[in-house]
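Chemist: Just to be clear, the model below is a prediction. Sequence and coordinates:
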Number of protein chains: 2
Amino acid sequence: MAGEAGAVSQAKTSNTKERLIAAARDLMIERNAAEFSLQEVAAKSGLNSALVKYHFGNKDGLLLAILQRDAEKSLAQVERLLARDIPATEKLRAHIAGIIDTYGRYPYMYRLVHLLMRERGEEEAAQVLRFFVEPLARFQKEILQQGVASGEFKPVNEGFFYHAVGSACDALFSWHPGARRIWGVSQMNDAVRKRYSDFVVDLVVNGVARR
Amino acid sequence: MAGEAGAVSQAKTSNTKERLIAAARDLMIERNAAEFSLQEVAAKSGLNSALVKYHFGNKDGLLLAILQRDAEKSLAQVERLLARDIPATEKLRAHIAGIIDTYGRYPYMYRLVHLLMRERGEEEAAQVLRFFVEPLARFQKEILQQGVASGEFKPVNEGFFYHAVGSACDALFSWHPGARRIWGVSQMNDAVRKRYSDFVVDLVVNGVARR
C-alpha cells in the first residue's frame, strides 16, 4: 500500500510539474521571449506560485527544466535520424529542417540556451552544455563524418558548423518583425517557415558538398 | 568672431560626444554586452553623466549613436567594395570576411541591433532599420544580383540570405566561452577569427554558387 501511495504522489508531482512547465512554455511562446513572472505561471496553470519554488527552486530552475524537456525531444529525433540507413546528405537535410521546425514550435529555445549559458552562473551554463549542446554537437559531427567518409562532404570544423548553422536556423525567428517586413514577409506562417527552411538547407548542404 | 566662437563650441560639443561614445563602446567591448550605467560612462570618460542626457537624451540615445557611427563605417566599406570591378564571388567573399572582421572589432554590434530593434520602442526599431539594416541589405542584394546576372550564383531570397548569413557571422562572438571550449577553441584570437571567417565564407559562397 505504501508503494501505491508513493506512486500516486509521484504521479501528482509529475502532473504538477508538467502543468507548470506547460504554462511557462505557453507564456514564452505568446511573448516570443523568456519573460514571465512566477505569478503569471501560477495564474496560467491555476496552481500556486510557491509550487514553482518547491519543484524547481526558482525561475532559472524552471527554465532549465523546460529546455531539458525540449532538448530530450530534439535529441531523440536526431538519434532516430542518425540510425537510418540513408546518405549523409539526406540526413543533413532532414536534420537542418528538423532544427528549424523545432524553433518554429518553440521559438524561445535558442534564446533560452543563450540566456542560460551567458547570463546565469557557470553551473547553469555547464548543465545546458551537458544536456543539450554537447550531445547535439556530437550527433552533428557523426552526420558530417559519415558524409566525409562517403565522399559527399568536404571536411569542416564541426564546432564552427554547429555555431554558424544553429544560428542561421534561428535567425528567422529572432529578428524583429520590422526587419522581416522589408523582405515581403510580414507575418510568420508555415509557408514562410518552409521557404526559409528550404533556403537554409540548400545553403548549408551545398556549402559543405564536395564538388 | 561670432562664427569663430560658434566653430569652437561646435568642436567642443563634437569632442565631448566622441569621448562619451568611445567610453561606452570600450565598456561594451570589455563586457561583451550592452551593459553599462551612465555613471560608468562618466567615470571612464572623465566627464559628467549629465552630459549624456544633454547630448543623447538617455542611454538608448547613446546606444543608437554608437551603432550609427559603427554602421556608417561598415556601410562605407561595403559601398567601396561594390564599386570595384571584380567578380561577384570575390565581392561576396570580401563582404562576409568584412562582416566578421567588424564583429570582431565591435563584438557588441549584432546584439545592439537586436536590443534596439526588439526590446525598445517602434521608433528605435525604425531608426536601426533605416540607417543600418535596409542599406546593408540593399548592398547585399546588389552583390547577389550581380552574381546571378554573371551566372556565378543561383537566385536566392535576399532577405533570407541577410538574416541567415548575418546571424552565422555573429555566432562565434555571441556564444558562451564554454561552448567554444568543447571545440578546442578556448580563447578568441585573430587566428580563430580568421579560421571561422574562412569557414563561413566558404560555406556561403559554395552555398549560393551555381554548379
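Modeler: Nice, I can see it.

Chemist: Only C-alpha atoms from now on, for both contacts and neighbour counts.
Modeler: Fine.

Chemist: what about the residue most central in space within chain A, distance to A:Phe173?
Modeler: The C-alpha lying nearest the average C-alpha coordinate of chain A belongs to A:Met109 (CA atoms, centre = their mean; 4.6 Å). The gap separating A:Met109 from A:Phe173 is 10 Å, by CA to CA, to the nearest Å.

Chemist: Mutual contacts of these two, please.
Modeler: Common neighbours of A:Met109 and A:Phe173 are listed as A:Tyr103 (criterion: CA atoms under 8 Å, 6 or more residues apart in numbering or on different chains).

Chemist: Name all residues that make contact with the residue nearest to A:Lys59 when sequence neighbours are not counted.
Modeler: Distances taken as CA to CA, 6 or more residues apart in numbering or on different chains place A:Leu38 nearest to A:Lys59, at 7.0 Å, with adjacent residues excluded. Applying CA under 8 Å, 6+ apart, we find A:Leu38 in contact with A:49, A:52, A:59.

Chemist: For these, which single residue is the most surrounded?
Modeler: A:Val52 (22 neighbours; other CA atoms under 10 Å in any protein chain shown).

Chemist: so that one touches A:Glu18, yeah?
Modeler: No. With contact defined as CA atoms under 8 Å, A:Val52 does not reach A:Glu18; the gap is 11.0 Å.

Chemist: could you dump the worst-scoring helix or strand of chain A on mean pLDDT to CSV, C-alpha only?
Modeler: Using mean pLDDT, DSSP states H and E, helix A:177-181 stands out as the lowest-scoring helix or strand of chain A, at a mean of 70. Only the C-alpha atoms of helix A:177-181 are listed here, as CSV (Å, rounded to 0.1, in the frame of the first residue of the first chain):
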residue,chain,number,x,y,z
PRO,A,177,9.1,41.8,-37.4
GLY,A,178,10.1,45.1,-38.9
ALA,A,179,13.2,43.5,-40.4
ARG,A,180,11.1,40.7,-41.9
ARG,A,181,8.7,43.2,-43.4
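
Chemist: And whatever helix or strand comes next after it, what's buried?
Modeler: Remark: after helix A:177-181, the chain's next helix or strand is helix A:190-208, criterion DSSP states H and E. By neighbour count on 16 or more other CA atoms under 10 Å in any protein chain shown, the buried set for helix A:190-208 is A:193, A:196-197, A:199-201, A:203-208.

Chemist: What segments of chain A are strands?
Modeler: Here chain A has no strands by DSSP state E.

Chemist: How about the residues of it by chain B?
Modeler: Counting by CA under 8 Å from any CA of the partner chain, chain A comes close to chain B at A:114, A:117-118, A:125-126, A:129, A:133-134, A:156-160, A:163-165, A:167-169, A:171-172, A:175-176, A:178-180, A:182-183, A:196, A:199-200, A:202-208.

Chemist: Break chain A down into its domains, please.
Modeler: A:1-57, A:67-208 (automatic domain parsing).

Chemist: Make JSON lines out of the contacts of A:Leu38 and add pLDDT.
Modeler: Formatted as JSON lines, these follow (pLDDT from 0 to 100):
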{"residue": "A:Ser49", "pLDDT": "89"}
{"residue": "A:Val52", "pLDDT": "91"}
{"residue": "A:Lys59", "pLDDT": "92"}
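
Chemist: now, among these, which is nearest to A:Ala34?
Modeler: A:Lys59 (10.3 Å; CA to CA).

Chemist: Thank you kindly, that will do.
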